[in-house]
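J.: Next input, structure requested:
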Amino acid sequence: TFTAWCNSHLRKAGTQIENIEEDFRDGLKLMLLLEVISGERLAKPERGKMRVHKISNVNKALNFITSKGVKLVSIGAEEIVDGNAKMTLGMIWTIILRFAIQDISVEETSAKEGLLLWCQRKTAPYKNVNIQNFHISWKDGLGFCALIHRHRPELIDYGKLRK
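T.: Predicted coordinates for the structure are as follows:
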C-alpha cells in the first residue's frame, strides 16, 4: 500500500504515518518524505499550525516535485491540506513513479516498461485482457481482476466476470 511505501522511507528519518490523507495535511511529513527519497534538502518548512502555513509547506513539496520534471495534473496544495484522498493518493503515486520506478533501469528496460511486461505476461492466458499501457488497458477492470486471480484465484471467480 501507499502508506507502507511512505513508511518504509519515513522510518529512515525516525517517523511514520498512520493515515495518508491526514498525516500529510500540514506538509511537514510530505516534505520529509521527499527529502529522504531524493537525498536533497527542501526549503525550510513553516512551523505554524494555521491553514496558510500548511498550504505553504505543501506548496514547497509540490514545487520540489515539479522542479524534478514531474507534471502534477489537477493536484493543488489546498486539496492535500483539506485531506482529499483522491488527490493525496494521486500525488503519492506520482512521487512513487518519479522517485522509485522511473529511476530504475535493468538491461536497457525502465522499471515502468518492466512492470508493463510483467503485467502482460501474467494476464496473457486470460480472455478479453489485452494490457498495452497503464491507462486505457485497465479501464474495464478485467486486467486487474486477472492479476488478482493469477496470484490468488480463491479471491475472484474470473469465469463469472464479463467485459
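J.: Show residues contacting stretch 156-163.
T.: Tyr126, Asn128, Asp140, Leu142, Cys145, Ala146, Ile148, His149 (CB atoms under 8 Å, 6 or more residues apart in numbering). Yep, even glycine has a C-beta here, placed from its N, CA and C like the rest.
J.: Which positions within that stretch qualify as buried?
T.: For stretch 156-163, a neighbour-count test (16 or more other CB atoms under 10 Å) marks Ile156, Tyr158, Leu161 as buried.
J.: wait, which of the residues you listed is closest to Leu42?
T.: Ile156 (42.1 Å; CB to CB).
J.: mind checking the backbone torsions on that closest one?
T.: phi -140, psi 130 (degrees, to the nearest 10).
J.: What is the burial count for the spatially closest residue to it that is not a sequence neighbour?
T.: Nearest residue to Ile156, sequence neighbours excluded (CB to CB, 6 or more residues apart in numbering): His149, at 4.7 Å. By other CB atoms under 10 Å, the residues close to His149 number 20.
J.: Whichever helix or strand His149 is part of: which residues count as buried?
T.: Using DSSP states H and E, His149 maps to helix 142-151. By 16+ other CB under 10 Å, the buried positions in helix 142-151 come out as Leu142, Gly143, Phe144, Cys145, Ala146, Leu147, His149, Arg150.
J.: can you check stretch 40-59 too?
T.: Leu42, Pro45, Glu46, His53, Lys54, Ile55, Ser56, Asn57, Val58, Asn59.
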